[in-house]
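**Q** Pasted the sequence and its predicted model underneath.
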Amino acid sequence: MFPNHRPRRLRHHPALRELVRETKLACEDLIYPLFVQEDLAERQEIATMPGQYRHSLDSLRAEATRAAEAGIQALILFGIPTQKDPQGSQAYAEHGVVQQALRALKAEGLPLLLIADVCMCEYTSHGHCGHIEDDDVANDASLEMLVKTAVSQAAAGADMLAPSDMMDGRVGAIRKGLDSAGYDKLPIMSYAAKYSSAFYGPFRDAAGSAPQFGDRRSYQMDPGNLREALKEVDADVAEGADIVMVKPALAYLDVIRAVKERTQLPVAAYSVSGEYALLEFGARNGLIDRRRGILELLLGIKRAGADLILTYHAPEVAGWLKGS
Ligand code: PBG
């Protein structure tokens, strides 16, 4: 031990610090979430997520191009329809907002992987992630809506489907639906361990998707549970998921690590809207160094075991990584 061992020897020279750095972020790790709203003339900044927008189809194309130029390779799209109804029919309408966005982005020919979020809450008038019966989300009836949504997103050009609803059996149902419609090559990234979290607040504000009654605790996971996350992961793997996700990221780093040790599938983590807001408002108030704070949190998520990270900071971080 000391004085033979002096760990500080490796910390003096910047190049040596880099040589021995164990975890590094890369542009290729990042997935950029974007909101697209139907019938919007101009993009609107989201008040609770400064720097993020509800995009029109035109501004979405521009933002996707900018992200690709910054080095981002993958987007995940969330749609905000003009009309919401109890069945969330715009989620699976041929000309639904996400379907239009997928076609428009495909036509642009950008070198981007287009991921479609598969969920009902942005499309239902009640704001829940499925079909309502007796004031509860009916699991099996909701599966049909989700399968229709996934298949219609596939038909519109999605490169990967990401179900975020937390119904039981949805990965298997979507896999079967995609296969029988001829989309057996399209992968599924499941939100396998998605917790009922306070950190989705700004997203719900952006998408107008807050539940109109009750909450999501009968389908999203209880924040106290880790073993249950592994049960959810095992189920999704057995049902044919290709990538499993943990969400949110920051308060669930132990879950990310445990999932990484459990499965051979790639593990994704979603640094959600509330995490973005914490950083942005913290930095605006002069409490944290914005750039260092963002990079440190993403690095922590990667060190915990995430192979892929969904983050609203993706293009900006990609720019920093290229510049460094
Ligand atoms: C849809 C969905 C949500 C998020 C991603 N997909 C909201 C929710 O479950 O209420 C949240 C993402 C974020 O907060 O950034 N179910």
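**A** Yes, it's here.

**Q** Would you map the strands across this structure?
**A** 30-37, 44-45, 53-55, 74-80, 113-118, 131-133, 136-138, 160-163, 189-194, 243-247, 267-270, 308-310 (DSSP state E).

**Q** which helices and strands sit right next to the fourth one?
**A** Other elements packing on strand 74-80 under the criterion 3 or more CB pairs under 8 Å, 6 or more residues apart in numbering; DSSP states H and E are strand 30-37, helix 97-108, strand 113-118, helix 201-207. C-beta coordinates here come from the backbone N, C-alpha and C atoms, glycine included.

**Q** That strand: partners in the sheet, and parallel or antiparallel?
**A** The pairing partners recorded for strand 74-80 under DSSP bridges are strand 30-37 (parallel), strand 113-118 (parallel).

**Q** returning to that earlier point: now mean pLDDT, distance to L278 and mean neighbour count too, for the strands of the chain, in a markdown table please.
**A** Formatted as a markdown table, the strands of the chain follow (pLDDT from 0 to 100; distance: least, CB to CB, whole Å; neighbours: other CB atoms under 10 Å):
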| stretch | mean pLDDT | distance to L278 | mean neighbour count |
| --- | --- | --- | --- |
| strand 30-37 | 98 | 16 | 24 |
| strand 44-45 | 98 | 18 | 12 |
| strand 53-55 | 98 | 19 | 22 |
| strand 74-80 | 98 | 20 | 23 |
| strand 113-118 | 98 | 22 | 24 |
| strand 131-133 | 95 | 32 | 18 |
| strand 136-138 | 95 | 29 | 17 |
| strand 160-163 | 98 | 23 | 25 |
| strand 189-194 | 98 | 19 | 28 |
| strand 243-247 | 98 | 16 | 26 |
| strand 267-270 | 99 | 14 | 27 |
| strand 308-310 | 99 | 16 | 23 |
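
**Q** Please list all residues in contact with the closest residue to the ligand within the stretch 101-250 of the chain.
**A** Residue nearest to the ligand within the stretch 101-250 of the chain: F203 (3.2 Å; CB to the nearest ligand atom). By CB atoms under 8 Å, 6 or more residues apart in numbering, the residues touching F203 are 78, 209, 272-274.

**Q** ok, 10 Å please
**A** Neighbour list for F203: 33, 35, 46, 48-49, 52, 78, 121-122, 209-210, 272-274, 276-277, 312 [criterion: CB atoms under 10 Å, 6 or more residues apart in numbering].

**Q** what does P7 give?
**A** Contact analysis of P7 by CB under 10 Å, 6+ apart lists nothing.
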